[in-house]
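In: need a 3D model of the following:
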Amino acid sequence: MSLRFRPARAEDYPVLEELCISSFEPITWMKKADERFGPLNGRDWRARWQSRFRHAFATQKVLVGEAEGRIVAFASGTLDEETRLGYIDLLAVDRSAQGRGYGREMLRGMLAWLKQQGAVHAHLECLVDNEAGNNLYRSEGFVEVARSIRWFIKIPDEL
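Out: Model prediction:
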């Protein structure tokens with residue numbers, strides 16, 4: 001079954017927030033940091049992801065992918081009009097709907113929207129250990145241009 005795309009609406013927010021947090025749970029670096037250092041200033045990885053999602057929802061274009069009358073995927077992004085570079089920030093598929101090609105469809109839907117807005121290139125980031133995501137992006141023609149490492153430390157009291 002193919003996805004039907006539409007812009008996100010305010011009433012979609014609770015469903016999208018939960019979809020986002022649950023789909024990123026197995027792969028997010030924020031959870032890995034919590035496992036080693038504990039919550040940051042009393043805010044666990046879920047609370048930090050909620051803040052990240054709220055910011056994306058408020059400042060980016062959010063597209064929803066629906067199948068069988070329910071939201072199963074979404075993507076968010078922006079366009080830098082000066083460079084005509086599209087940025088895909090978040091792309092998530094409901095965990096109960098993964099493995100059906102919805103991630104690929106959602107990616108293509110976001111790329112189509114970016115192209116309609118004038119984008120010539122698109123950029124996204126993916127953790128090295130997110131094999132499913134990296135395989136998808138590679139298979140869709142994305143080319144790796146750089147890698148980064150997320151370093152983390154609890155700052156010692158004696159500094």
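
In: what segments of this protein are helices?
Out: 13-24, 29-37, 45-59, 102-117, 131-139 (DSSP state H).

In: what pLDDT, on average, does the first one get?
Out: Translated: helix 13-24. Summarised as a single mean, pLDDT over helix 13-24 is 95.

In: quick check: angle from that helix to helix 29-37?
Out: Using axes from the mean of the first three to the mean of the last three Cα atoms, to 10 degrees, the direction of helix 13-24 lies 60 degrees away from that of helix 29-37.

In: go on, the third one?
Out: Using the same axes, to 10 degrees, the inter-axis angle of helix 45-59 relative to helix 29-37 is 150 degrees.

In: same question for the fourth one.
Out: Interaxial angle, helix 102-117 versus helix 29-37 (the same axes, to 10 degrees): 120 degrees.

In: buried sites along helix 102-117?
Out: Tyr102, Gly103, Arg104, Glu105, Met106, Leu107, Gly109, Met110, Leu111, Trp113, Leu114 (16 or more other Cβ atoms under 10 Å). C-beta: built from backbone N, CA, C; applies to glycine.

In: nearest to Ile149, of the helices of the chain?
Out: Nearest of those to Ile149, taken as Cβ to Cβ: helix 29-37 at 10.2 Å.

In: how far off centre is the closest one?
Out: Put simply, helix 29-37 sits 18 Å off its chain's centre (Cα atoms, centre = their mean, to the nearest Å).

In: for that helix, which outside residues touch it?
Out: With Cβ atoms under 8 Å, 6 or more residues apart in numbering as the contact definition, helix 29-37 has outside contacts at Glu25, Leu40, Asp44, Trp45, Arg48, Trp49, Leu127, Arg150, Phe152, Lys154.

In: out of the residues you listed, which end up buried?
Out: Buried among these (16+ other Cβ under 10 Å): Trp45, Arg48, Trp49.

In: what sits against the second one?
Out: In this structure, Arg48 makes contact with Met30, Leu40, judged by Cβ under 8 Å, 6+ apart.

In: tell me the pLDDT at it?
Out: So, for Arg48, pLDDT stands at 96.

In: point out the ones among the contacts of helix 29-37 that are inside strands.
Out: Applying DSSP state E to the contacts of helix 29-37, no entry is found in strands.
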